[in-house]
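Colleague: what's the 3D shape of this:
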Amino acid sequence: MAEPRSWQAETALLGNADPSDPTGWFEPLWASAKDGAVTMPWDRDDPHPALAAWPNSPDLGTASGTAVVVGCGLGADAEHLSLLGYETTAFDISPAAIAAARARNPGSAVTYAVGNLLDLPRDWISAFDLVVEIFTVQAVNRRVRGGLTAGVRSLVAPGGILLAIQAIAEKGDDDGPPWPLTQPEIEAFGTDGLSAVSIEGLPDYASPSPLGLWRAEFRRS
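Modeller: Predicted coordinates for the structure are as follows:
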């Protein structure tokens, strides 16, 4: 059997394969990972460290309300939110990723679903008290970034919170994927009725960018 390719090599190929379908490379990537042809950095059992160490996180079992994880992959972040006490939905554009998440978490209380930020189900709009977005927006070319960011914002219920974790870019360029976010791009999550609670740079967490990660919290009025 051939040695698995790195995810960087695979995404460099797939992520720029079809400019007319900027999100279409996710399913081939996840399918290749399932077949063992690609090594995946998103294959983890624990929540992302920047989410696990979020200062405003409730204690285990004490949360109430609804939560959603955008681009959930194999479900580690969604399972974490469920353990905190949220009624949790998790979605990914890739059917292969959702099938793998369900298989990895049998008996889970999380609702796993296939979903597209650019074409969300109507009953998800303004439906979630906590929206967690980690690395999905940065994985897609900047030409559709505005639509993806708007999709994330639209999920937040009145009074709800959006937590966005993305790699930091000093200036935007077309050298990706991924395409880390500049400060104006991370601040763009805080529009359409949302306002920033905090936007911080985290240099100590593993990141696709040498500048570290944004961890940004926004609240809808």
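
Colleague: quick one: contacts for the residue most central in space within the chain?
Modeller: For the chain, Ile134 is the residue whose C-alpha lies nearest the centre (Cα atoms, centre = their mean; 3.3 Å). Each residue near Ile134 by Cβ atoms under 8 Å, 6 or more residues apart in numbering is listed here: 48, 50-51, 69-71, 77, 164-166. All C-beta atoms are positioned from the backbone trio N, CA, C, and that covers glycine.

Colleague: swap in Gly159?
Modeller: Per Cβ under 8 Å, 6+ apart, neighbours of Gly159: 129, 219-221.

Colleague: Now, of those, which are buried?
Modeller: Taking 16 or more other Cβ atoms under 10 Å as the criterion, what is buried in these is 129, 220.

Colleague: Measure how buried the closest residue to Gly151 other than its chain neighbours is and give me the count.
Modeller: Nearest-residue entry for Gly151: Leu117, 3.5 Å, with adjacent residues in sequence omitted and distances by Cβ to Cβ, 6 or more residues apart in numbering. Neighbour count for Leu117, taken as other Cβ atoms under 10 Å: 23.

Colleague: now swap in the one 4 residues further on and tell me
Modeller: By the criterion of other Cβ under 10 Å, Pro121 has 11 neighbours.

Colleague: My understanding was that the residue nearest to Gly151 contacts Leu148; is that so?
Modeller: Yes. Distance between Leu117 and Leu148: 5.0 Å, which falls inside the contact criterion (Cβ atoms under 8 Å).

Colleague: Mind listing the strands the strand or helix carrying Tyr112 pairs with, and their directions?
Modeller: Tyr112 belongs to strand 111-114 when elements are defined using DSSP states H and E. Its sheet considered, strand 111-114 pairs with strand 87-92 (parallel) by DSSP bridges.
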